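*Asks:* The following comprises the amino acid sequence and a computationally predicted model.
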Amino acid sequence: MNIIVCVKNVPFTQEVDLVLDASKQDVKKDNLVYVINEWDNYAIEEAIRIKEETGGHVTAVTLGKEADEEVLRRCLAMGADEAIRVERGDLNPDASMIAAILSAVVKTIPHDIILTGVQSDDLNNGITGSLIAERLGLVHAAVVNSLKISEGKAQISIELEGGQDEMSQVTLPALFAIQTGINEPRYVSIMGIRKASKKEIKVIDASGLGLPGEDLQPSLIMEEMFMPPETEGAEMLQGDAGSLADQIIRIIREKGVSL
Amino acid sequence: MAKILVIAEHRNNELREITLQMLNKASELCRANGHELYAAILGNNIEGLISGLKEWADKVIVYNDPRLKDFNPDNYRDVLTALINEQKPIVTFLGHTPWSMDLAPGLSVKTGFPLATDCVDITMDSGRPKVVRQVYSGKIFSRMAFRDASGYLITVRAGAFPAAKAFDYQAEIIQGAMPDLVTQGRREFMGYRDTCKGEVDITQAELLVSIGRGIGEQDNIPQVQELAGIMGGTLSCSRPVVDKKWLPKYHQVGTSGKSVKPKVYLALGISGAFQHVAGISGAGTVIAVNKDKKAPIFRVAHYGAVADLLNVAAALKEKVSVK
Ligand SMILES: Cc1cc2nc3c(=O)[nH]c(=O)nc-3n(C[C@H](O)[C@H](O)[C@H](O)COP(=O)(O)OP(=O)(O)OC[C@H]3O[C@@H](n4cnc5c(N)ncnc54)[C@H](O)[C@@H]3O)c2cc1C
Ligand SMILES: Nc1ncnc2c1ncn2[C@@H]1O[C@H](COP(=O)(O)O)[C@@H](O)[C@H]1O
């Protein structure tokens, strides 16, 4: 079973005061810490589990800068066999460009299964996986929360809303966008990552893929990023934990809940 | 006359609310710009749903065919590509839902129209849409324009617009002609499964004490569980707590969990992702405790406290137990 997993390094933004850069086209990123996109952590884990069960070969692919090789080393440490970084150069790709580039890369690698995450934590597009599949003419499913492979088919469940799943059967080769909770991603030690850093990461240049010019043009043009409107928002309670607790109890009682 | 097309979503023989929310926004844009509002619905034996759409659009295009009985991204893509190529809507709306995450990309590839997803606002500017999206886990908003094209695809966030009728239509119903379905049988629907059934029904609680990833570790859960008990409330949670198997799925609040309507929702260490807060729009009062003063939950909460949830939980426990 040949499995390709698309993984992305994303900035960790919790408890961080994001600030817009001068162009107002993005946030300042120099102080941000990068982590594997949460959904992709589950996707790479799923790929390695399938390999462990059925045998096969797992290739992790990312489109990014040299610093983003960190995410590939993590995948190698988890058990991926091979890693490819597609150098994006000066491109600041949107979902359609990312999908065009990644599909040109994965087309040249044998694959029975391609996995992506459901969404990226930074851009939240939620479509890169299905776009890759459609460009390659592959059948696909988004928001997959269970995946069993047997005899050239995948038995999957797709998470819908409101606690309902859709069960389906898909003929391979196929692409699946993986949802969190599908498995429990294994722990990766610093030692493991250090060991994996000796493995080679293949680098391909996005501009050398022979893509037509229109594929390297964004579909969407960023006009500006802006902070959420200030008008809405909570009345902020002040004080130490004890005083906050007093205020919270008072509010709960005021709203008609007896404690 | 230029057209805006809304793709209706339905399940278990009911129109999904997102359909009416999209029609509300599309109607507003149509009336402001002199466009015609089209709705399309695909399925099998959907007569009841069709009449439900009549008052919401100028025209309703219907594809009623056994092959469209269950959602299938291959078949739905082929039908809608044919429809879009024939009717040439300037903008096509789909919901930003699990189904459309499977469907909209195929339409974009086949029609060549650019696609913007999960939009929370949409305006028209000289015949071309502009959208607002949220990035970086909802901490930043971005305004995006499209490259020039003959049509544009937009997926709309659930809850971004009201499901209210903006105008009374009497739609003309048109039967669409089924095109050839070119990639049949690759994905077969086998059935639905309920995942949220269990011992606790969070939808009936008056007070929900809800924990998110900020709970830190599994060992911290019993003390909040106990707090919920002392307060006479029910414990609920956000998705990561279920993903880590720290609590069963029937505790989960949000789009893929339950929608809840307590008098008070106490959110401890929950950032406020839209998939979570979509589940608490029915809550009377939301109180959020979070270490991050910029956490998006503070935009939807009525009261907020920037604090460590474990400290607040400990203080609450002490004060409620002495009363
Ligand atoms: C298709 C789909 C469906 C989804 N459905 C759901 C759903 O139904 N329900 C749902 O919840 N999510 C759902 N999600 C996931 C959602 O996008 C978010 O990832 C999730 O809601 C984040 O949960 P969280 O707020 O607990 O965690 P995080 O976003 O990680 O936030 C944790 C918060 O805790 C705070 N914190 C940390 N430590 C402390 C402390 N000691 N004291 C106080 N605060 C602290 C941090 O500042 C942070 O704000 C879905 C996603 C997708 C793609
Ligand atoms: N630059 C990238 N490199 C590799 N994979 C990516 C990249 N961007 C997005 N993806 C994949 O596409 C998924 C969905 O991303 P998005 O459509 O941006 O929400 C992610 O979970 C990744 O698997």
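*Replies:* Perfect, thanks for sending it. Ligands and ions are numbered 1, 2, ... in the order given.
*Asks:* Smallest gap between the stretch 151-259 of chain A and chain B, at which residue?
*Replies:* Nearest residue of the stretch 151-259 of chain A to chain B (CB to the nearest CB) works out as residue A:163 at 2.8 Å. Backbone N, C-alpha and C define where each C-beta goes, glycine included.
*Asks:* now for the lowest-mean-pLDDT helix or strand in chain A, which elements pack on it?
*Replies:* Across the helices and strands of chain A, mean pLDDT, DSSP states H and E gives its lowest value to helix A:190-196, namely a mean of 89. Applying 3 or more CB pairs under 8 Å, 6 or more residues apart in numbering or on different chains; DSSP states H and E, one finds that helix A:190-196 makes contact with helix A:69-78.
*Asks:* hang on, the earlier thing: settle this for me: the residue of the stretch 151-259 of chain A closest to chain B is touching residue B:198, isn't it.
*Replies:* No: the criterion here is CB atoms under 8 Å, and residue A:163 misses it with residue B:198 at 9.8 Å.
*Asks:* Between the two, which is the more surrounded one?
*Replies:* Comparing residue A:163 with residue B:198 by other CB atoms under 10 Å in any protein chain shown, the one with more neighbours is residue A:163, at 21 against 12.
*Asks:* And that one, its phi and psi?
*Replies:* Backbone torsions for residue A:163, taken as degrees, to the nearest 10, come to phi 80, psi 30.
*Asks:* and the least confident helix or strand of chain A, how far from the chain's centre?
*Replies:* A distance of 22 Å separates the centroid of the chain from that of helix A:190-196, by CA atoms, centre = their mean, to the nearest Å.
*Asks:* May I ask you to name the longest helix in chain A?
*Replies:* Scanning chain A for the helix with the most residues, using DSSP state H, yields helix A:38-54.
*Asks:* avg pLDDT for it?
*Replies:* Helix A:38-54 carries an average pLDDT of 97.
*Asks:* Quick check: phi and psi on residue B:155?
*Replies:* Phi and psi for residue B:155, reported as degrees, to the nearest 10, are phi -100, psi 140.
*Asks:* cool, and the one 5 residues further on?
*Replies:* The main-chain torsion angles of residue B:160 are listed as degrees, to the nearest 10 and equal phi -70, psi -30.
*Asks:* do the same with residue B:288
*Replies:* phi -120, psi 130.
*Asks:* partner residues bridging it?
*Replies:* Counting by DSSP bridges, residue B:288 forms beta bridges with residue B:267, residue B:304.
*Asks:* quick one: it and residue A:79, what's the gap?
*Replies:* Taking CB to CB, to the nearest Å as the measure, residue B:288 falls 39 Å from residue A:79.
*Asks:* Check residue B:305 too.
*Replies:* According to CB to CB, residue B:305 and residue A:79 sit 43 Å apart.
*Asks:* who has more neighbours, the two?
*Replies:* Neighbours per residue (other CB under 10 Å) separate residue B:305 from residue A:79, with residue B:305 holding more: 27 against 18.
*Asks:* show me what contacts that one?
*Replies:* With contacts defined as CB atoms under 8 Å, 6 or more residues apart in numbering or on different chains, residue B:305 is in contact with A:236, A:237, A:244, A:247, A:248, B:287, B:288, B:289, B:290, B:312.
*Asks:* next one: residue A:176
*Replies:* Residues near residue A:176 by CB under 8 Å, 6+ apart: A:113, A:114, A:115, A:116, A:129, A:140, A:141, A:144, A:147, A:154, A:156, A:170.
*Asks:* Show only the entries of these found in strands.
*Replies:* Among these, the ones falling in strands (DSSP state E) are A:113, A:114, A:115, A:116, A:140, A:141, A:144, A:147, A:154, A:156, A:170.
*Asks:* Just the buried subset of those, please.
*Replies:* For these, a neighbour count by 16 or more other CB atoms under 10 Å in any protein chain shown gives the buried set as A:113, A:114, A:115, A:116, A:140, A:141, A:144, A:147, A:154, A:156, A:170.
*Asks:* what's the nearest residue to the first one if we skip its chain neighbours?
*Replies:* Read it as residue A:113. Closest residue to residue A:113 apart from its sequence neighbours, by CB to CB, 6 or more residues apart in numbering or on different chains: residue A:3 at 4.7 Å.
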